[in-house]
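Trainee: turn this into a structure:
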Amino acid sequence: MKKMIMSFVVLISVCLLASCGISPSASTAVPTHPAATTTTGTSTTQPVSSDVQPIASAMPPRVHLQVGTGVQLAHFYVTVTRAELHTVQTPPAGMTYLLVTATLRNTTPIGRPLLAANYILHDASGKAYYPHTYSGAPAPPYGVVKPGATALGPLVFLVPIPVVQTHYTFTYQWTGGLAQASWDIVI
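Mentor: Numbering: from 1, shown residues only. Reported below is the predicted structural model:
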């Protein structure tokens, strides 16, 4: 009897130790919408919960948009209105300029800063490009934007001359990366 009680205590201890490895702050996954699968030879569909998204994550939510669409992010309503290759000055050999025109409307009752660090461009391989500044260029949307005001300006990126159709992702992120959205650009 004493051995049975001792075995029971050991079993409970092992179970408690095993459950200590599960963190209450770990991401929990829930289905966002069930996918449908069809069994061969039948036309019935059955929900499958393989399409899941984490509830909590260390990564900020990302939104992918097309040029011409806008989104509310943190303190600004951001729209990328145009993206085009453009010669603004003589670029280095094999390079050209990609102009991304963005409007950012401050939707808060106080002035909010915009920094060069809020913008980044990635090519299909993941290489990052940062806004390029040069003398005589139109003012990029940097600085403090007054409440209700809209900052409009081109962001200039020095990129390789595309030989074939090239895909880029332009990303605006609020300082600290807590909110971000990306626009798909094809040149």
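Trainee: going by C-alpha atoms from here, please, whenever you check contacts or count neighbours.
Mentor: Fine.
Trainee: who does the spatially closest residue to Tyr142 that is not a sequence neighbour bridge with?
Mentor: Closest residue to Tyr142 apart from its sequence neighbours, by Cα to Cα, 6 or more residues apart in numbering: Leu114 at 4.8 Å. Judged by DSSP bridges, the bridge partners of Leu114 are Gly143.
Trainee: got a list of what Leu114 touches?
Mentor: Neighbour list for Leu114: 141-145 [criterion: Cα atoms under 8 Å, 6 or more residues apart in numbering].
Trainee: state the distance from it to Ser125.
Mentor: As for Leu114, its distance to Ser125 is 27 Å (criterion: Cα to Cα, to the nearest Å).
Trainee: same check, this time on Gln89
Mentor: Distance from Gln89 to Ser125, by Cα to Cα: 26 Å.
Trainee: returning to what we had before: which of the contacts of Leu114 tops the neighbour count?
Mentor: Pro141 (23 neighbours; other Cα atoms under 10 Å).
Trainee: and it, what does it touch?
Mentor: Neighbouring residues of Pro141 by Cα under 8 Å, 6+ apart: 102-104, 114, 151-155.
Trainee: closest one of those residues to Trp174?
Mentor: Among those, Leu114 lies closest to Trp174 (Cα to Cα), at 8.5 Å.
Trainee: pLDDT score assigned to the closest one?
Mentor: In the prediction, the pLDDT value recorded for Leu114 is 89.
Trainee: ok, now how distant is it from Thr87?
Mentor: From Leu114 over to Thr87 the distance is 25 Å, taken as Cα to Cα.
Trainee: pLDDT weak spots in the chain?
Mentor: 1-63, 136-139, 175-177 (pLDDT under 70).
Trainee: so where do the helices sit in it?
Mentor: 2-20 (DSSP state H).
Trainee: sort out which residues of stretch 116-134 are buried, please.
Mentor: Residues 116, 118-123, 129-132 are the ones in stretch 116-134 that count as buried (16 or more other Cα atoms under 10 Å).
Trainee: can you redo the contacts of Pro141 as a markdown table with distance to Val164?
Mentor: Shown next, in a markdown table, are the contacts of Pro141 (distance: Cα to Cα, whole Å):
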| residue | distance to Val164 |
| --- | --- |
| Ala102 | 25 |
| Thr103 | 29 |
| Leu104 | 31 |
| Leu114 | 33 |
| Ala151 | 33 |
| Leu152 | 30 |
| Gly153 | 27 |
| Pro154 | 24 |
| Leu155 | 23 |
